[in-house]
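# quick one, what's the 3D model for this:
(chains A and B)
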Amino acid sequence: SAVISQKPSRDICQRGTSLTIQCQVDSQVTMMFWYRQQPGQSLTLIATANQGSEATYESGFVIDKFPISRPNLTFSTLTVSNMSPEDSSIYLCSVATSLEQYFGPGTRLTVT
Amino acid sequence: GQQLNQSPQSMFIQEGEDVSMNCTSSSIFNTWLWYKQDPGEGPVLLIALYKAGELTSNGRLTAQFGITRKDSFLNISASIPSDVGIYFCAGQNLGGAAGNKLTFGGGTRVLVKP
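Next up, the predicted model:
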């Protein structure tokens, strides 16, 4: 398994601003992902963070709104841009080994 | 996008009871994963299943990968208060076009019977 940390753990932001969430893994991993979990809901994949190239976004998510960086095999960032109250969610990064996938503790974002 | 049908949506447990939840899909997966999420935490992997028909245990937890590859169930035996939380199933097709992408069920919220 992998130990995954995220910063910040939670934040309260004003609409129209942006927040960058960091994800750090304790070992090199090939595959990293970002998920969103809206209040009381299940997890939805936002994008696959590709090292050295642009992220691959799922339907309904775009780079302008959720820019992602992956500068190396242990670190990634997700930015939530031009936030609105609808962006209030838990944002989770995950990493995949060859067979399994592990999640970070999440970043709880509230937009006012 | 595709989602797995997970049931029940919620359940109440009394200490010592056995509980069961399941997931069904309209399409097949070659891997099923079960996670538990506690409040304020990320999901924690409980059990991973890789083969149709496979039955795997992890302590008081037992999960099975359905023969059709379209379903899975999770049993918790002799439940204890710390079993409270939200349980998610997730399907994955390793080696396929979707790679390691997970498709999640809606979750089963396990609560303590008052």
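# the host helix or strand of A:L92 - contacts with which helices or strands?
Using DSSP states H and E, A:L92 sits within strand A:89-96. Counting by 3 or more C-beta pairs under 8 Å, 6 or more residues apart in numbering or on different chains; DSSP states H and E, the packing neighbours recorded for strand A:89-96 are strand A:4-7, strand A:19-25, strand A:31-37, strand A:43-49, strand A:75-80, strand A:101-103, strand A:107-111. No exception for glycine: its C-beta is placed from N, CA and C like everyone else's.
# can you put the ones you listed in a markdown table and add distance to chain B?
As requested, those are arranged in a markdown table below (distance: least, C-beta to the nearest C-beta, whole Å):
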| stretch | distance to chain B |
| --- | --- |
| strand A:4-7 | 8 |
| strand A:19-25 | 11 |
| strand A:31-37 | 5 |
| strand A:43-49 | 5 |
| strand A:75-80 | 14 |
| strand A:101-103 | 4 |
| strand A:107-111 | 7 |
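# what's near enough to touch the residue most central in space within chain A?
Centroid-nearest residue in chain A: A:W34, 3.6 Å away (criterion: C-alpha atoms, centre = their mean). When the contact criterion is C-beta atoms under 8 Å, 6 or more residues apart in numbering or on different chains, the partners of A:W34 are A:23, A:45-47, A:49, A:66, A:68, A:76, A:78, A:91-94.
# again, but for B:T31
A:99, B:48-50, B:91-94.
# okay, the nearest residue to it once chain neighbours are set aside and B:D38: tell me how far apart.
Of all residues not flanking B:T31 in the chain, B:Q92 sits nearest, at 4.2 Å (C-beta to C-beta, 6 or more residues apart in numbering or on different chains). To B:D38, B:Q92 is 23 Å away according to C-beta to C-beta, to the nearest Å.
# neighbours of residue 83, how many?
Because you didn't say which chain, this covers chain A. For A:M83, the tally of surrounding residues (other C-beta atoms under 10 Å in any protein chain shown) stands at 21.
# let me rephrase: I mean chain B.
18.
# and it, what does it touch?
Contacts of B:D83 (C-beta under 8 Å, 6+ apart): B:13, B:19, B:76, B:110.
# which SSE is the last one in?
In this structure, B:V110 sits in strand B:108-112 according to DSSP H and E.
# which elements pack onto that strand?
In terms of contacts (3+ C-beta pairs under 8 Å, 6+ apart), strand B:108-112 is packed against strand B:10-13, strand B:85-92.
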